[in-house]
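> Next comes the sequence, and after it the predicted model I'd like to discuss.
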Amino acid sequence: AAGTVVATDTQMDIGAVTLLANTTLDTGTAAASILNVGAVTSGGFSLTLDSGPNAAADITVASFGGNGALTVTDSGGTVFSGVVTAGAVTLTATTGTIAFNGNLTATSLAPAVAGFNVTLSGGTNSVTADTNFLNTGTVTLGSAAGTESTTFAGGLDTTGGPTGVSIGGTVATTNTQMDIGAVTLLANTTLDTGTAAASILNVGAVTSGGFSLTLDSGPNAAADITVASFAGGGNLTVTDSGGTTFTGAVAAGNITLTDTTGTISFPGNTTATDLTAAANGFNVSFTGTTNSIGGGVVFNNTGTLTLGNGVGDTNTFTAGITATAPSSINTAGTLVTTNDAMSLGAMTLTNNTTIRTGTGIVTVTSATDGGSSFTLDLQDAGGTGDVTFTGAVTVNTLGTSAFGYGVFFHGGGTIDTDTTFLNTGVVRLGNGVGDTIIFTGGLDTTAGPSGTQAAGTVVATDTQMDIGAVTLLANTTLDTGTAAASILNVGAVT
């Protein structure tokens, strides 16, 4: 074929066809304007297909080869059932869906501003140029099988037109930006933008439907990932990025954080069945108002960890948390486990912080408020898990509750305000002769503790110290300063 071949509002059925020049096949605008074409050998020539806007006037093409340009001007719906190897693919209008069911290879793909759907469901699809879907119907990349791979080497943008995007399988760009609007997962899905500075990945609200999503923009510091939200309980993995931010709520299954150059941040409320942070030098931040993560969570990342940024924030790790690998832990609000252990490294309070573990044991390497006037509260109603600080505690205020847990200071420190221990377990003030703990505003262990243990030096700075029955664990000095208020009352000493 060459030139223009027309059937006037009637059906055209053409078998395997070889183009001898640029060619148009046009069947008019009626319901009967159906166009069926066999395997097309383009020889580099263009093919334009037009069956009009009637919903019944479908176009079917068996396959298209030879790298010619390919245009769908209009149709009720168009299906390329086999392989398409084309130059520029232009999709102008269609009443229904333009579907590429076989592998698609094209130098460019240009869906115009019109209300039709586009589907790419071949096993392996590749478009060279930057692709901007402007059609205002839907876009489907892959299928429920989840085995498809579609690469838009020059970049991908689905935010300018489509009412919805559905993805199953792998969608990639080659060191170029990917912008995807609200997306529904049809199967386990990977979004991969390469490893360059331009490999930025922006994703809208994700409805996972229980399927997993893996995100990878590479290690370049400029290649950030941003996700509006994630819902549906699917597993969520960040393989690598310059930095990743989930701006809205996250409701996931297992969250796996493998690597990132900067910070992986969850500023919205986050719920997950489990979380794994790998042993790489990235930061992790949870600053939503209410976060809850199951499983015995272990933060192995060696950057920072932020748990809360306001006094009203609550981070719950229902089966416990271990975070001794991070270089520092910034805390604000309430840290909770459900009767399971909490093991934290060096804590810096960025606002008032409460630790609450029920029967779970708490171990903290050190705690400081960085010279600010913040309060660290230990346990609350019903708490029986002992709290141990292996290093220095330097905070403005230390609060305790009248329940049966012990508080153990093994590394000294300074507490600025008058401190009355209300817990009814043991209070240990030092565990070696070299320890020094200072209660600047005063100290009272007579109100609740079943006993006091001491070692090293315990100081109240020109204020009163009241200690009940005390057992010495090493040579001990009790020092209340030189003022009139420097009263020292000690119970029975063992």
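Received, thanks. Residues are numbered from 1 along each chain as shown.
> Please name the nearest non-neighbouring residue to Asn309.
Nearest residue to Asn309, sequence neighbours excluded (C-beta to C-beta, 6 or more residues apart in numbering): Thr287, at 4.3 Å. C-beta coordinates here come from the backbone N, C-alpha and C atoms, glycine included.
> these two touch, right, that neighbour and Pro267?
Yes - counting by C-beta atoms under 8 Å, Pro267 is a contact partner of Thr287 at 5.0 Å.
> These two: which is more packed in?
Neighbours were counted for Thr287 and for Pro267 using other C-beta atoms under 10 Å; Thr287 has more, 21 against 17.
> Who are the contact partners of that one?
265-267, 306, 308-310, 313 (C-beta atoms under 8 Å, 6 or more residues apart in numbering).
> So in that sheet, which strands flank the longest strand seen in the chain, and in what orientation?
If you go by DSSP state E, the chain has its longest strand at strand 342-356. Here strand 342-356 is paired, per DSSP bridges, with strand 321-323 (parallel), strand 328-337 (parallel), strand 362-368 (parallel), strand 375-378 (parallel).
> so the residue nearest the centre of the chain bridges to which residues?
For the chain, the residue nearest the mean C-alpha position is Phe246 (5.1 Å; C-alpha atoms, centre = their mean). Beta-bridge partners for Phe246, by DSSP bridges, are Val227.
> cool, Val458 as well?
For Val458, the beta-bridge partners are Ile437, Leu478 (DSSP bridges).
> residues near it, how many?
For Val458, using other C-beta under 10 Å, the count is 26.
> So it is in contact with Leu478, correct?
Yes - using C-beta under 8 Å as the test, Val458 is close enough to Leu478 to be in contact (5.3 Å).
> Can you check which residues contact both of the two?
465, 467.
> what does the model give the closest residue to Phe133 other than its chain neighbours for pLDDT?
Nearest non-adjacent residue to Phe133, counting by C-beta to C-beta, 6+ apart: Thr158, 4.7 Å away. What the model reports as pLDDT for Thr158 is 98.
> Hmm, Ile180 and Thr158 touching each other?
Yes - the pair Thr158 / Ile180 is scored as a contact, 5.2 Å apart, by C-beta under 8 Å.
> Comparing the two, which shows the higher neighbour count?
The neighbour count for Thr158 versus Ile180, taken as other C-beta under 10 Å, is higher for Thr158 (27 against 23).
> For that one, list the residues it contacts.
133, 139, 165, 179-181.
> for Thr353, same thing?
With the criterion set at C-beta under 8 Å, 6+ apart, Thr353 makes contact with 308, 331-335, 347, 374-377.
> Just put these in TSV and tack on neighbour count.
Shown next, in TSV, are these (neighbours: other C-beta atoms under 10 Å):
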residue	neighbour count
Gly308	26
Thr331	28
Ala332	23
Gly333	23
Thr334	21
Leu335	25
Met347	27
Phe374	21
Thr375	17
Leu376	26
Asp377	16
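> Which single one of those is nearest to Ser217?
Gly308 (26.9 Å; C-beta to C-beta).
> Thr331 versus that closest one, what's the distance?
To Thr331, Gly308 is 6 Å away according to C-beta to C-beta, to the nearest Å.
> joint contacts of the two?
Common neighbours of Gly308 and Thr331, using C-beta under 8 Å, 6+ apart, are 350, 353.
> Kindly provide the distance from the residue nearest to Phe133 to Ala223.
Counting by C-beta to C-beta, the gap from Thr158 to Ala223 is 19 Å.
> same deal with Asp157?
Going from Asp157 to Ala223 by C-beta to C-beta gives 16 Å.
> Looking at those two, which has the bigger crowd around it?
Ala223 (27 against 19).
> Can you name the residues that contact that one?
Ala223 sits next to 193, 195-201, 217, 241-242 when contact means C-beta under 8 Å, 6+ apart.
> Report the beta-bridge partners for Val17.
Bridge pairing for Val17 (DSSP bridges) gives the partners Val40.
> And Thr85, by the same measure?
Residues in beta-bridge contact with Thr85 (DSSP bridges): Thr105.
> quick one: contacts for it?
Residues near Thr85 by C-beta under 8 Å, 6+ apart: 64-67, 105-106.
> Mind putting these into CSV with pLDDT, neighbour count and distance to Thr417?
CSV is the format used below for the contacts of Thr85 (pLDDT from 0 to 100; neighbours: other C-beta atoms under 10 Å; distance: C-beta to C-beta, whole Å):
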residue, pLDDT, neighbour count, distance to Thr417
Phe64, 98, 27, 78
Gly65, 98, 16, 80
Gly66, 98, 16, 82
Asn67, 98, 17, 78
Thr105, 98, 19, 71
Ala106, 98, 24, 70
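> If anything else comes up later, I'll come back, but that's it for now.
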